[in-house]
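**Student:** Any chance you can model this:
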Amino acid sequence: MSGVWVFKNGVVRLVENPGAESAQGSATRRKVLVYTPSNEVVTSYAALERQLVSLGWERYYEDPDLLQFHKRSSVHLISLPKDFSKFKSMHMYDIVVKNRNVFEVKDA
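**Tutor:** Sure, this is the predicted structure:
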(Lines give C-alpha, C1' and ligand atoms only; values in the text may rest on other atoms or scores of the structure.)
Protein backbone atom coordinates (compact mmCIF):
# COMPACT_ATOMS: atom_id res chain seq x y z
CA MET A 1 0.00 0.00 0.00
CA SER A 2 1.62 3.22 -1.12
CA GLY A 3 0.43 6.75 -1.55
CA VAL A 4 -0.02 9.96 0.37
CA TRP A 5 -2.25 10.53 3.38
CA VAL A 6 -4.34 13.69 2.88
CA PHE A 7 -6.18 15.53 5.66
CA LYS A 8 -9.11 17.57 4.30
CA ASN A 9 -12.30 18.81 6.01
CA GLY A 10 -11.55 16.79 9.13
CA VAL A 11 -11.14 13.51 7.22
CA VAL A 12 -7.93 11.60 6.57
CA ARG A 13 -7.78 9.52 3.42
CA LEU A 14 -5.12 7.73 1.39
CA VAL A 15 -4.49 9.06 -2.12
CA GLU A 16 -2.89 6.10 -3.89
CA ASN A 17 -1.51 7.87 -6.96
CA PRO A 18 -1.01 11.57 -6.14
CA GLY A 19 0.80 12.22 -9.45
CA ALA A 20 -2.30 11.26 -11.42
CA GLU A 21 -4.12 14.33 -10.14
CA SER A 22 -2.00 16.68 -12.21
CA ALA A 23 -1.92 14.32 -15.19
CA GLN A 24 -5.66 13.59 -15.32
CA GLY A 25 -7.06 16.69 -13.66
CA SER A 26 -8.58 14.59 -10.90
CA ALA A 27 -7.27 11.85 -8.65
CA THR A 28 -10.55 9.93 -8.77
CA ARG A 29 -12.25 8.24 -11.67
CA ARG A 30 -16.00 8.27 -11.93
CA LYS A 31 -17.54 4.94 -10.96
CA VAL A 32 -20.76 3.34 -12.12
CA LEU A 33 -22.94 0.66 -10.55
CA VAL A 34 -23.68 -2.23 -12.90
CA TYR A 35 -26.57 -4.68 -12.51
CA THR A 36 -24.74 -7.84 -13.64
CA PRO A 37 -27.68 -10.06 -14.75
CA SER A 38 -28.43 -7.62 -17.60
CA ASN A 39 -25.08 -5.80 -17.64
CA GLU A 40 -27.10 -2.57 -17.23
CA VAL A 41 -25.54 0.57 -15.76
CA VAL A 42 -27.75 2.01 -13.01
CA THR A 43 -28.57 5.56 -14.15
CA SER A 44 -31.43 6.45 -11.81
CA TYR A 45 -32.96 5.57 -8.48
CA ALA A 46 -36.08 4.33 -10.28
CA ALA A 47 -34.02 1.68 -12.07
CA LEU A 48 -32.14 0.80 -8.89
CA GLU A 49 -35.37 0.49 -6.90
CA ARG A 50 -36.85 -1.88 -9.51
CA GLN A 51 -33.76 -4.08 -9.29
CA LEU A 52 -33.63 -4.05 -5.48
CA VAL A 53 -37.36 -4.82 -5.14
CA SER A 54 -36.94 -7.78 -7.50
CA LEU A 55 -34.24 -9.06 -5.10
CA GLY A 56 -36.56 -8.86 -2.08
CA TRP A 57 -35.66 -5.40 -0.75
CA GLU A 58 -38.44 -3.19 0.63
CA ARG A 59 -38.47 0.58 0.61
CA TYR A 60 -38.56 2.45 3.95
CA TYR A 61 -40.12 5.91 4.04
CA GLU A 62 -39.17 7.00 7.59
CA ASP A 63 -36.42 9.53 6.74
CA PRO A 64 -37.41 12.14 4.12
CA ASP A 65 -33.75 12.94 3.35
CA LEU A 66 -32.80 9.36 2.46
CA LEU A 67 -33.86 6.49 0.27
CA GLN A 68 -33.73 3.41 2.45
CA PHE A 69 -34.19 -0.25 1.64
CA HIS A 70 -34.43 -3.22 4.01
CA LYS A 71 -34.48 -6.93 3.37
CA ARG A 72 -36.65 -8.92 5.79
CA SER A 73 -34.38 -11.94 5.62
CA SER A 74 -31.39 -9.97 6.92
CA VAL A 75 -30.36 -7.14 9.21
CA HIS A 76 -29.05 -5.10 6.26
CA LEU A 77 -30.20 -1.58 5.55
CA ILE A 78 -29.22 0.38 2.44
CA SER A 79 -29.31 4.15 2.95
CA LEU A 80 -28.83 6.44 -0.03
CA PRO A 81 -28.93 10.22 -0.45
CA LYS A 82 -32.25 11.45 -1.86
CA ASP A 83 -30.47 13.27 -4.70
CA PHE A 84 -29.04 10.83 -7.29
CA SER A 85 -26.23 13.31 -8.11
CA LYS A 86 -24.90 12.64 -4.58
CA PHE A 87 -24.84 8.87 -5.16
CA LYS A 88 -21.14 8.08 -4.63
CA SER A 89 -18.94 5.01 -4.92
CA MET A 90 -19.24 4.32 -1.16
CA HIS A 91 -23.01 3.88 -1.67
CA MET A 92 -22.36 1.65 -4.68
CA TYR A 93 -19.99 -0.59 -2.73
CA ASP A 94 -22.52 -0.83 0.09
CA ILE A 95 -25.06 -2.18 -2.42
CA VAL A 96 -22.49 -4.60 -3.88
CA VAL A 97 -21.55 -6.02 -0.46
CA LYS A 98 -25.20 -6.56 0.46
CA ASN A 99 -26.07 -8.13 -2.93
CA ARG A 100 -23.13 -10.33 -3.84
CA ASN A 101 -22.89 -11.46 -7.48
CA VAL A 102 -25.76 -9.16 -8.52
CA PHE A 103 -24.08 -5.74 -8.70
CA GLU A 104 -20.55 -4.57 -9.35
CA VAL A 105 -18.78 -1.21 -9.45
CA LYS A 106 -16.76 -0.33 -12.56
CA ASP A 107 -14.83 2.66 -13.83
CA ALA A 108 -16.94 4.78 -16.16
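**Student:** List the contacts of the residue lying closest to residue 56 once chain neighbours are set aside.
**Tutor:** Once flanking residues are discounted, residue 56 sits nearest to residue 71: 5.5 Å by CB to CB, 6 or more residues apart in numbering. All C-beta atoms are positioned from the backbone trio N, CA, C, and that covers glycine. Contacts for residue 71 (CB atoms under 8 Å, 6 or more residues apart in numbering) come out as 55-58, 98.
**Student:** and residue 88, backbone torsions?
**Tutor:** Main-chain torsions, residue 88, degrees, to the nearest 10: phi -110, psi 170.
**Student:** if I look at it, how far off is residue 12?
**Tutor:** 18 Å (CB to CB, to the nearest Å).
**Student:** now the strands: where do they sit in this structure?
**Tutor:** 4-8, 11-15, 31-35, 40-41, 57-60, 66-71, 77-81, 103-107 (DSSP state E).
**Student:** mind giving me a markdown table with those and columns for mean pLDDT and distance to residue 51?
**Tutor:** Formatted as a markdown table, the strands of the chain follow (pLDDT from 0 to 100; distance: least, CB to CB, whole Å):
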| stretch | mean pLDDT | distance to residue 51 |
| --- | --- | --- |
| strand 4-8 | 78 | 34 |
| strand 11-15 | 78 | 30 |
| strand 31-35 | 96 | 5 |
| strand 40-41 | 96 | 8 |
| strand 57-60 | 95 | 9 |
| strand 66-71 | 95 | 11 |
| strand 77-81 | 96 | 12 |
| strand 103-107 | 95 | 8 |
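**Student:** Residue 52: neighbouring residues, count only.
**Tutor:** Neighbour count of residue 52, defined by other CB atoms under 10 Å: 24.
**Student:** Which residues does the residue lying closest to it once chain neighbours are set aside form beta bridges with?
**Tutor:** Spatial nearest neighbour of residue 52, excluding adjacent residues (CB to CB, 6+ apart): residue 69 at 5.3 Å. In this entry, residue 69 is beta-bridged to residue 59, residue 78, by DSSP bridges.
**Student:** closest to residue 84 among the contacts of residue 71?
**Tutor:** residue 57 (17.3 Å; CB to CB).
**Student:** Nice, that's everything, thank you.
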